[in-house]
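In: Generate a structure from the sequence data that follows.
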Amino acid sequence: MSSHPKLDEKEVADRLQQLGFDTNDPEKANLLKATMDKLDKILTAKSASEAIMQDLHPAVRGRVEKLRDLQESYDRLEDEYLEEQRKLVLKYEALYTPLYEQRREIVNGKKDAEIEPVHMEGDDENEGSSSGEGGQGIPEFWACCIRANDVVSELITAKDDEVLKHLKDIRYELLGTPEGGEDKGDEEEEEEGFRLYFEFEKDNPFFDNDVLVKTYRMVDEEEGILEKSEGTTILWKPGKNVTVKVLRKKQKKGRAKGPAMTKTERCESFFNFFSPPDPEELLGMEDEGEEVPEEEMELLQEALQEDYEIGCIFKDKIIPHAVSWFTGEALEDEEGYSDEEGEEGAESDDGGDGGDDTRAQSNSQANTSDAAAEQPECKQQ
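Out: Numbering: from 1, shown residues only. Purely as a prediction, here's the structure:
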């Protein structure tokens, strides 16, 4: 038990009287005593939970202890479940890896000679008959996959499109495990999170990096609590940086000609994804005694959340189901799921004549039927 000194009831009563509290009133005196007893229990208890237990009738306390025993049993089972879940994830990550590698080879033309052409009604009879036609692999495969996702496509500009044509592969690994999903064991503390790899052509005209990496480190992956994200520093070639724009200041007439004044400004680009928000900048301001505006903190929080959600889209949607994004099937599935949610909401709405819901549902069905026409266009070379 805590060695906290017992409250002096007389001292407290005197102080309350000075504040206008009439301790001579029997009702108020009883209230004071009950409050003092409760405070004393809290102060002498080892914890808040012990204070709660002390306040219970012994019979009720016994029942609560039984519930505690049940909770301990549940917690043990939950730990076992999470461990089994982790092992299952690792098992299937190892099984996915060779499939991803085969996909990479097909996309980049390593398996062209082994794969028979597929003809469809309406094909030109002579199409594909000469050895040079059809190119190698699947041109702009990953660029098309990325553009097809509604969330990620909002980040892509026309300049980004030219860079993404050189994207050869996207893959991920879970932190705490090597690529392939095998467990590292208990020798080192396990990290939580994941890492994305964007592999580009080695001789691409935009930057010197072969692979751009984005890492998400988690405090608690089960709860989705992000510690920080980190991205590769992109080594842009001169004049090729699509994340900045160069502003030139016009010289006034009559002045001697000299070198033009220029400055660069950051602009919208998918490749800003590799320069994620840094919460440590604001934390540094706090350490120096500067007050961080609440609005800035909220904007940072939103930016961190959006950045993490985009990372999860790559890991959980685009990478595992890439061909479905390329063909447009994944987008149709997502739109269909959204329509079903809307229909369920309309059915559960009691009251009203339902006219607006019916019109909304009709529009939704029309949008779904036109989904193929609205797919982002992917140029096939």
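In: S269 contacts T243, correct?
Out: Yes. Proximity of S269 to T243 meets the contact threshold set by C-beta atoms under 8 Å, at 4.4 Å. Any C-beta I mention is one placed from the backbone N, CA and C, and that applies to glycine too.
In: For E223, give me the pLDDT.
Out: E223 carries a pLDDT value of 73.
In: How about the secondary structure of it?
Out: Secondary structure assignment for E223 (DSSP: H, G, I helix; E, B strand; the rest coil): coil.
In: ok, now how distant is it from D210?
Out: E223 sits 35 Å away from D210, taking C-beta to C-beta, to the nearest Å as the criterion.
In: neighbour-wise, which of these two wins?
Out: D210 (13 against 7; other C-beta atoms under 10 Å).
In: Grab the nearest non-local neighbour of the more buried one.
Out: Nearest residue to D210 in three dimensions, chain neighbours excluded: K202, at 5.3 Å (C-beta to C-beta, 6 or more residues apart in numbering).
In: wait, is the one you found part of a helix?
Out: No. Assessed with three-state DSSP, K202 is coil; it does not lie in a helix.
In: Any idea how many residues pack against it?
Out: K202 has 11 neighbouring residues, counting by other C-beta under 10 Å.
In: Repeat that for E302.
Out: Close neighbours of E302, defined as other C-beta under 10 Å, add up to 11.
In: now swap in E268 and tell me
Out: The number of residues packed around E268, counting by other C-beta under 10 Å, is 14.
In: Surely A330 is in a helix?
Out: Yes. In this structure, A330 lies within a helix as judged by three-state DSSP.
In: Was I right to think it contacts S324?
Out: Yes. If you go by C-beta under 8 Å, A330 and S324 touch, sitting 3.9 Å apart.
In: Residues in a beta bridge with G231, which ones?
Out: The partner list for G231 in beta bridges (DSSP bridges) reads K214.
In: and it, what does it touch?
Out: The neighbourhood of G231, defined by C-beta atoms under 8 Å, 6 or more residues apart in numbering, consists of 212-215, 273-276.
In: switch the cut-off to 6 Å
Out: Contacts here follow C-beta atoms under 6 Å, 6 or more residues apart in numbering; on that basis G231 touches 214, 274-276.
In: repeat for I170
Out: I170 sits next to 142, 198, 319 when contact means C-beta under 6 Å, 6+ apart.
In: Where does the prediction get shaky in this protein?
Out: Segments of the chain classed as low confidence (criterion: pLDDT under 70) are 1-10, 12-13, 15-23, 38-47, 125-133, 177-190, 250-260, 281-292, 336-381.
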